[in-house]
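# Need coordinates for the following:
(3 chains)
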Amino acid sequence: MLKSLQNDLLLEAESKDLKVIIISAEGPVFSSGHDLKELTEEQGRDYHSEVFQTCSEVMMLIRNHPVPIIAMVNGLATAAGCQLVASCDIAVASDKSSFATPGVNIGLFCSTPGVALGRAVPRKVALEMLFTGEPISAQEAMLHGLLSKVVPEEQLEEETMKIAKKIASVSRPVVSLGKATFYKQLYQDLGTAYSLTSKVMVDNLAMQDGQEGIKAFMQKRKPTWS
Amino acid sequence: MLKSLQNDLLLEAESKDLKVIIISAEGPVFSSGHDLKELTEEQGRDYHSEVFQTCSEVMMLIRNHPVPIIAMVNGLATAAGCQLVASCDIAVASDKSSFATPGVNIGLFCSTPGVALGRAVPRKVALEMLFTGEPISAQEAMLHGLLSKVVPEEQLEEETMKIAKKIASVSRPVVSLGKATFYKQLYQDLGTAYSLTSKVMVDNLAMQDGQEGIKAFMQKRKPTWS
Amino acid sequence: MLKSLQNDLLLEAESKDLKVIIISAEGPVFSSGHDLKELTEEQGRDYHSEVFQTCSEVMMLIRNHPVPIIAMVNGLATAAGCQLVASCDIAVASDKSSFATPGVNIGLFCSTPGVALGRAVPRKVALEMLFTGEPISAQEAMLHGLLSKVVPEEQLEEETMKIAKKIASVSRPVVSLGKATFYKQLYQDLGTAYSLTSKVMVDNLAMQDGQEGIKAFMQKRKPTWS
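Have a look, this model is predicted:
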């Protein structure tokens, strides 16, 4: 599943026609994380290492991907499934969805999910989820920053597509530059972050779509992206 | 405008009579950010660099300023205007205010606003704003940490002045030391942050106003600040 | 008080029978922070240094402690008392509780409390509290990440014990490894954090309780922790 997701994310990643990716699931569970059959003693340490290595690669691929990646969640997202939601750039969920990191119940603390969760929600929210394994509702997840939006189930696809279509309507090179820059500056000190982003703004203005966007605005017409 | 704001912020910055600054606007827009006429191809790369350099200087001046700076927002704050709100120490807004980073619509991703926004709200909130350009309400902005307080329009000035007057009633040297220390320790590791702040507490106690404050408390009287 | 708390936290910290710690108080105040009699001019700089050194040691001991530490708050938590709540891994409070960092009122900015507060709530919330000294309600504290849960006073103990009992029912070595790893990875860059936690997951699987947990899950039975 992880390799398949990785391949799907890499598929035509560099194509100019790819503007945005939506990750969704069929059935009542968005994702319940790792298949525990892969984590038994019999599989062995090397195999376990490979599993978590692949998982981390997928999560980092989402961040490093040139287009925005949206999680569309309708149901339960647990452990690495919760990590997947936390790792996406945007996450929309139905109000029946819930989120948990229950590894502690089976003696396997959700340490890798904690990487993404700890960067998405306040520390105390993350720790209560990690220490107790108890789920939080979609509403709580949104209040704490794990989700961008919560909607009734019947509006989930419409609302997600609205965001996706909006992103697909703007310039891919501009969005790509913006996404890469956002994550890069986020962990820099303020001075370094402003040096980087000031230069990026100037570069962005020099791009074909940057010039076209400003011109179109001045001429009060719709821009035509490259 | 940026140079004027910079000069205003620097005006008597070192005066003991300056205790707090409020940044507000006239009309239905708090700030819509850069004047796009300054960002056309004709103005050229060097001029663009200067614009963003000045903008970053203003935002960093707010953080490095010796007194607290409050944004009082009544209306729309977009792009660098949203960045300005995010950069202030405290932000109070009327409930009709809204906030957006719509640069993506004109092919110019709000990368510099993203520096301040990404440090004020959760990552997913910032990214949805940056990728879609859609506004969030004052209520949402407060829930996510962009604002300190939201009030009905007719109470905006009163509520902001209440905060400002409170700050003006305490010791300027103590507040200055506190502000500078807060931002310095915020990005340090916990051990370094506690070493720094423990020393600052001891220094604060040795200040004239630190000694006066403790004495007044012991003697159950109002302190007289330096 | 700080030394007593330190000793209590260290008491049997390494015992396998210790699973979780709850810090609570008697009376209407959870903690109002430092005893100002210890901070007078007469006590002198060296003594002041020792006080803040001890305080920081206690706060860092909470983070570095092998078991989760829960603050159960029923009343006012101010200054270093607010810092104590912010420093715990989990915090449950009654709805009548409130939280403030009022040092500025006595000329002693809450710079050490700001370390914990600034890592628990958004920057603007922390700064308004620090600059004005005004309290926030339990509800606000929860919305902003300072608390894990708010309940009516009569349910405070029950709700806190529910969380504590849940933690006490899982494996101590697994929880200890998870807690230490969570705080370690939280301030690393994403790649480093995933390298660390991927290795920790593999180590966790090789632990006695990791193997038992997976086996029990496969065999559809309750695990028996070491």
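# Would you map out the domains in chain A?
Following automatic domain parsing, chain A resolves into domains at A:2-168, A:172-218.
# So what does the residue most central in space within chain A have for phi and psi?
When C-alpha atoms, centre = their mean is applied to chain A, the residue found nearest the centroid is residue A:88 (0.4 Å). In terms of degrees, to the nearest 10, the main-chain angles of residue A:88 are phi -70, psi 160.
# right, and it touches residue A:72 too?
No: applying C-beta atoms under 8 Å as the test, residue A:88 and residue A:72 come out as separate, 9.3 Å apart. Bear in mind the C-beta positions are built from the backbone N, C-alpha and C, glycine included.
# Next, show the common contact partners of those two.
residue A:23 (C-beta atoms under 8 Å, 6 or more residues apart in numbering or on different chains).
# about what we covered before: and the pLDDT for the residue nearest to the centre of chain A?
Note for residue A:88: predicted pLDDT of 98.
# contacting residues for it?
Listed by C-beta under 8 Å, 6+ apart, the contact partners of residue A:88 are A:23, A:62, A:69, A:70, A:71.
# now residue A:66: how far from chain B?
13 Å (C-beta to the nearest C-beta, to the nearest Å).
# What segments of chain A are strands?
Secondary structure of chain A (DSSP state E): strands at A:21-23, A:29-31, A:69-73, A:76-78, A:90-94, A:98-100, A:136-137, A:149-151.
# which residues touch residue A:70?
Here residue A:70 is in contact with A:20, A:21, A:22, A:23, A:88, A:89, A:90, A:91, A:92, A:160, A:163, A:164 (C-beta under 8 Å, 6+ apart).
# and what of residue A:99?
By C-beta under 8 Å, 6+ apart, the neighbours of residue A:99 are A:76, A:77, A:78, A:82, A:85, A:129, A:135, A:136, A:138, A:141, A:146.
# and with 7 Å instead?
Residue A:99 is in contact with A:77, A:82, A:85, A:135, A:136, A:141, A:146, counting by C-beta atoms under 7 Å, 6 or more residues apart in numbering or on different chains.
# Could you tell me which helix of chain A is the longest one?
The single longest helix within chain A, with elements called by DSSP state H, is helix A:45-64.
# what's the angle between that helix and strand A:69-73?
Here helix A:45-64 points in a direction 110 degrees away from that of strand A:69-73 (axes from the mean of the first three to the mean of the last three C-alpha atoms, to 10 degrees).
# starting at the chain centroid, how far to helix A:45-64?
With C-alpha atoms, centre = their mean, to the nearest Å as the basis, helix A:45-64 stands 15 Å off its chain's centre.
# what's it packed up against?
Secondary-structure packing of helix A:45-64 (3 or more C-beta pairs under 7 Å, 6 or more residues apart in numbering or on different chains; DSSP states H and E): helix A:2-10, helix A:80-87, helix A:111-118, helix C:190-206.
# Let's see the last one as PDB, backbone CA atoms only.
Right, helix C:190-206. C-alpha atoms of helix C:190-206 as PDB (Å, rounded to 0.1, in the frame of the first residue of the first chain):
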ATOM      1  CA  LEU C 190      11.500  16.600   9.400                       C
ATOM      2  CA  GLY C 191      14.200  14.300   8.000                       C
ATOM      3  CA  THR C 192      16.100  14.000  11.200                       C
ATOM      4  CA  ALA C 193      12.800  13.500  13.100                       C
ATOM      5  CA  TYR C 194      11.800  10.600  10.800                       C
ATOM      6  CA  SER C 195      15.200   9.000  11.000                       C
ATOM      7  CA  LEU C 196      15.100   9.100  14.800                       C
ATOM      8  CA  THR C 197      11.500   7.900  15.100                       C
ATOM      9  CA  SER C 198      11.800   5.200  12.400                       C
ATOM     10  CA  LYS C 199      14.600   3.700  14.400                       C
ATOM     11  CA  VAL C 200      12.600   4.000  17.600                       C
ATOM     12  CA  MET C 201       9.700   2.200  16.100                       C
ATOM     13  CA  VAL C 202      11.900  -0.700  15.200                       C
ATOM     14  CA  ASP C 203      13.500  -0.700  18.700                       C
ATOM     15  CA  ASN C 204      10.000  -0.500  20.200                       C
ATOM     16  CA  LEU C 205       8.900  -3.600  18.200                       C
ATOM     17  CA  ALA C 206      11.900  -5.500  19.500                       C
END
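# Next one: it, is it in contact with chain A?
Yes: under the criterion of C-beta under 7 Å from any C-beta of the partner chain, chain A is reached by helix C:190-206 at C:190, C:191, C:193, C:194, C:197, C:198, C:200, C:201, C:202, C:204, C:205, C:206.
# Include neighbour count when you put these into TSV, please.
Compiled in TSV, these are given as follows (neighbours: other C-beta atoms under 10 Å in any protein chain shown):
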residue	neighbour count
C:190	19
C:191	11
C:193	24
C:194	23
C:197	26
C:198	23
C:200	22
C:201	29
C:202	20
C:204	27
C:205	23
C:206	13
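# ok so, going back, quick one: which of the contacts of residue A:99 is nearest chain C?
residue A:136 (10.4 Å; C-beta to the nearest C-beta).
# interface residues of chain A facing chain C?
A:36, A:39-41, A:45, A:48-49, A:52-53, A:56, A:59-60, A:63, A:104-109, A:111-112, A:114-115, A:118, A:122-125, A:127-128, A:130-132, A:143, A:187.
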